[in-house]
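S.K.: have a look; sequence and predicted model below, questions after that.
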Amino acid sequence: MMIKLERVKLQTRKSEEAVNITPAVEEIVRKSGVRNGLVNVMTQHTSSGLLVTEGIPCLEEDILTHFARLFPEDENYHHRRYLDYDGRLGFNADAHLKSVIGGISCSFPIEDGKVVRGSRQTIYFMEYDGPLERTYMVQIIGE
């Protein structure tokens, strides 16, 4: 049994965006040499996320638009205050809530060295608080 972990840096370009990371995840799995197992992808940030959905631009926009309706940036959140432990003003509660609802990880089986996913399933890194340099992890477990 092999366990491999790769950290991937990603520079987001907008305050909110959906970045298709499917090809990068598939390439990491291919290079790992694992033939059968599991791949888990996880963001390291509490104001970003990972989503799996159909990979089309109109759906990317719908997701971001509806998250903005659910969690408006200018809402009177409890997080919008001075944070003693952080030494600064909390300003991004909406981004944290989007991450909570959308999720921070996804997993897929690996069979014959390839990620097994539905024909329309696309893995998106979701930026809710950018632009920032972000890190997501790809862990592969298998043989």
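M.R.: Structure received.
S.K.: CA atoms for contacts and neighbours, from now on please.
M.R.: Noted.
S.K.: residue 38: neighbouring residues, count only.
M.R.: 20 (other Cα atoms under 10 Å).
S.K.: may I have the beta-bridge partners of it?
M.R.: residue 109, residue 141 (DSSP bridges).
S.K.: hang on, it packs against residue 107?
M.R.: Yes - proximity of residue 38 to residue 107 meets the contact threshold set by Cα atoms under 8 Å, at 7.0 Å.
S.K.: how close does residue 57 sit to residue 39?
M.R.: 25 Å (Cα to Cα, to the nearest Å).
S.K.: between these two, who's got more neighbours?
M.R.: Using other Cα under 10 Å as the criterion, residue 57 and residue 39 rank with residue 39 on top: 26 against 9.
S.K.: ok, now which ones touch the more buried one?
M.R.: 29, 107, 108, 109, 110, 115, 138, 139, 140, 141 (Cα atoms under 8 Å, 6 or more residues apart in numbering).
S.K.: remind me which helix or strand residue 78 belongs to.
M.R.: Element membership for residue 78, per DSSP states H and E: none, as it lies in no helix or strand.
S.K.: sorry, back to before: which of the contacts of residue 39 has the most neighbours?
M.R.: Neighbour-wise, the contacts of residue 39 (other Cα under 10 Å) top out at residue 140, 26 neighbours.
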